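S.K.: The sequence and its predicted three-dimensional model are supplied below.
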Amino acid sequence: MSADEISPMVRMMTIADIFSALTEKRAYKEVYSPRVAIGMMWDMKGKLDAELLKQFANIVCGTRVGKVGARCRGAA
């Protein structure tokens, strides 16, 4: 299957899944802040849909999302 055959829904679910894996506590790895997780995902150039990642990051780190947005901006 080529990249253009993957539906936008699956692409967005992949982004959300990776974000979850990076930001949730697991016994075998450290927890990353939303800001760091998004940065790590940006470094996955070519592996994630850049436009969908941008939209996801705007939602997660946007000013309208309360505590998550505050954490993305580095606040406590």
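M.R.: That came in fine, so what should we check first? Numbering: from 1, shown residues only.
S.K.: pLDDT wise, what is Gln5 at?
M.R.: Actually, residue 5 is Glu rather than Gln. Model confidence at Glu5, expressed as pLDDT, equals 86.
S.K.: nope, Ala76 is what I meant
M.R.: Model confidence at Ala76, given as pLDDT, is 38.
S.K.: what helix or strand does Asn58 sit in?
M.R.: When elements are assigned from DSSP states H and E, Asn58 belongs to helix 50-61.
S.K.: Tell me where the protein has helices.
M.R.: According to DSSP state H, the chain carries its helices in the segments 8-23, 34-42, 50-61, 67-72.
S.K.: separation between the most centrally placed residue in the chain and Met40?
M.R.: Of all residues in the chain, the one closest to the mean position by C-alpha atoms, centre = their mean is Phe19, 4.0 Å from it. Distance of Phe19 to Met40, computed by C-beta to C-beta, to the nearest Å: 9 Å. To be clear about C-beta, it is placed using only N, CA and C from the backbone, and glycine gets the same treatment.
S.K.: same deal with Ala3?
M.R.: 20 Å.
S.K.: Tell me where the model's unsure across the protein.
M.R.: Regions of the chain meeting the criterion pLDDT under 70 cover residues 1, 63-76.
S.K.: how many neighbours does Met9 have?
M.R.: As a burial measure, Met9 scores 9 neighbours (other C-beta atoms under 10 Å).
S.K.: Relative to Met41, how far out is it?
M.R.: For Met9, the distance to Met41 (C-beta to C-beta) stands at 18 Å.
S.K.: With Phe56 instead?
M.R.: The gap separating Phe56 from Met41 is 8 Å, by C-beta to C-beta.
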